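[1] From the sequence below, what's the structure:
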Amino acid sequence: MAMPKVTVVMPAYKAEKTLEATYREIPKGAADEIILVDDYGKDKTAEIARSLGIITVVHEKNRGYGGNQKTCYREALARGADIVVMLHPDYQYDPARLPDLIRPLIEGKADVVYGSRMLSEKGAQKGRMPAYKQLGNRMLTFYYNLMLGTRLTDAATGYIAYSRKILESVPFQLNSDGYTFDEEMIIQCVAGKFRIAEVPIPTKYETESHSISFQKAVGYGGKLFLKVLRYKLHQLGIRSRQFEIRREECGHFRDGALSHPLLEDSDFLVVCDVHPLMEGHILIIPKRHTPCMAALDDEMFGKFRKLYLKAIGFLKREYGSYAAFEHGVTGQTVSHAHFHLLPFKGKIGDIVPEKEALRELAEISELRRLYHQKGKYLFIQLNEKLWCVDTKIGFPRIFRDRIAAALGHPERGDWKKAEENRKLMKEFAADVRELEAKWREQNQHTFLSHEA
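    Numbers count the residues shown, from 1 in each chain. As a prediction, this is how the structure comes out:
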């Protein structure tokens, strides 16, 4: 059995004095890849990281501790990590314990493993953890165990190993950009019924180690108190998207009755999908999880582009024009990105609601640069016009519905109701079977045996 790819991520802020010591103590062979994200620290952290051969990402502005981790996890997933270990580069946590931390994941005994400073006798005292931090940690951990039913000993640790499954399932993009990110992840792991384990680790509080002040620690505790209460309301039926956990990647893999394969290779599946509003609805779906197409590596992105050009060429020949948009980009409702290609019969002005919020790009490859800079985007293409919407502006769902309204065939069914009405969608199966036959005829390849 192939060993999982282990990636260490380091959320860094002004870690120039401790980074190299942290890096040197990571056991050789314990990690396949190390990624550091410099949160606009304006020191030599990034320079030192690059000199050590660490994959380095630098934020253009400070995004906070949680915001830094979001970039870390996006990068690790995009690079194919199976296990992601968060290790602070401030030398507070012992890098030599990395093999202990990942062992329960490799053995299939846990989905997330926390390095506990409290699990060994007087571990926190030996590491010179300040007394107020020990007290606050014990109070927070007691509260979490009481309210969430966990059996943790250290709910505030910053040495954590996640399975890929967790990072693909929990909506961590909705978590705080501040210091409460890790504890919000605990709540999400509980919500998803994931297996949680702890291993003992030593810690050391040195002069150069970063730590929040007493005043910030009090505010941090108050925010977590309220966050747990919000989760309890979620359990009672007052729902929150932050605690909606997805365990499937993409519904089109699960329900063959509603998706008709056009071609397949080792990395992508192209299907003609039954759609309530229009015929000619084609999806391009990566087989491995990706938060968005721009996160694909060079080889995968090249394959995607070839399939994309083939599909839009087909739609242009059949229908004269097309529209395209990505569903499942980071921060939206689907965790596994896939691409929609549709016949287009409306006008661009019917769709674009706020032109000042759109960024025109010269070609599709520029989306990769935008993704690495901002982490979020919604890609829309209308014939030869390319637009990119930063999803943080908050209207991608409205945008999608306007596209649906302008594409044509609105009398055939309601967009939202039809998503829940499988019987109605099956009535349109003849459309896609006819399109499937045309695709095979035009592209002259054996069904389900195409090498992109």
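
[2] what residues does the helix or strand harbouring Arg74 touch?
    Using DSSP states H and E, Arg74 sits in helix 64-78. Residues outside helix 64-78 that contact it (Cβ atoms under 8 Å, 6 or more residues apart in numbering): 7, 9-13, 33, 35, 37, 39, 55, 57, 59, 63, 84, 86, 162, 164, 167-168, 172-173, 175-182, 184, 289-291, 295-297, 330, 375. The C-beta positions use only the backbone N, C-alpha and C, and glycine is treated the same way.

[3] Mind doing that once more with 6 Å?
    Helix 64-78 has contacts (Cβ atoms under 6 Å, 6 or more residues apart in numbering) with 7, 9, 11, 35, 37, 39, 84, 167, 175-179, 181, 291, 295, 375.

[4] per-residue confidence averaged over it?
    The average pLDDT within helix 64-78 is 91.

[5] Check stretch 261-271 too.
    On average, the pLDDT along stretch 261-271 is 80.

[6] which residue ranges form the helices in the stretch 101-250 of the chain?
    For the stretch 101-250 of the chain, the helices defined by DSSP state H, counting those that start in this stretch cover 123-126, 131-148, 164-169, 181-191, 214-235.

[7] Glu441 - how many residues pack around it?
    Glu441 has 8 neighbours, counted by other Cβ atoms under 10 Å.

[8] From Pro261, how far off is it?
    Glu441 sits 16 Å away from Pro261, taking Cβ to Cβ, to the nearest Å as the criterion.

[9] before we move on, what about Phe243?
    34 Å.

[10] Of those two, give the one with the bigger neighbour count.
    Phe243 (21 against 15).

[11] could you list every residue that touches that one?
    Per Cβ under 6 Å, 6+ apart, neighbours of Phe243: Ala191, Tyr231, His234.

[12] Can you check what pLDDT the model gives the last one?
    It refers to His234. Confidence for His234, expressed as pLDDT, is 92.

[13] Tell me how many other residues crowd it.
    If you count neighbours by other Cβ under 10 Å, His234 ends up with 17.

[14] That one reaches Gln242, doesn't it?
    No. When contacts are counted by Cβ atoms under 6 Å, His234 is not listed as touching Gln242 (8.0 Å).

[15] dump the residue contacts of the residue lying closest to Ala197 once chain neighbours are set aside.
    Closest residue to Ala197 apart from its sequence neighbours, by Cβ to Cβ, 6 or more residues apart in numbering: Ala110 at 3.7 Å. Ala110 makes contact with Pro104, Arg195, Ala197 under the criterion Cβ under 6 Å, 6+ apart.

[16] quick one, domains of this structure?
    Under the assignment automatic domain parsing, the domains of the chain span 6-243, 251-443.

[17] and those domains, which one's lowest on average pLDDT?
    domain 251-443 (a mean of 70).

[18] which ones are touching the closest residue in space to Val58 that isn't next to it in sequence?
    What sits nearest to Val58 in space, not counting adjacent residues and going by Cβ to Cβ, 6+ apart, is Asp38, at 4.6 Å. Shown in contact with Asp38 (Cβ under 6 Å, 6+ apart): Ala12, Thr45, Ala46, Val58.

[19] what does Lys385 give?
    So Lys385 contacts nothing (Cβ under 6 Å, 6+ apart).

[20] and it, what are its bridge partners?
    Beta-bridge partners recorded for Lys385 (DSSP bridges): Leu382.

[21] Pop out the phi and psi values for Thr7.
    Taking degrees, to the nearest 10, you get phi -120, psi 130 for the backbone angles of Thr7.
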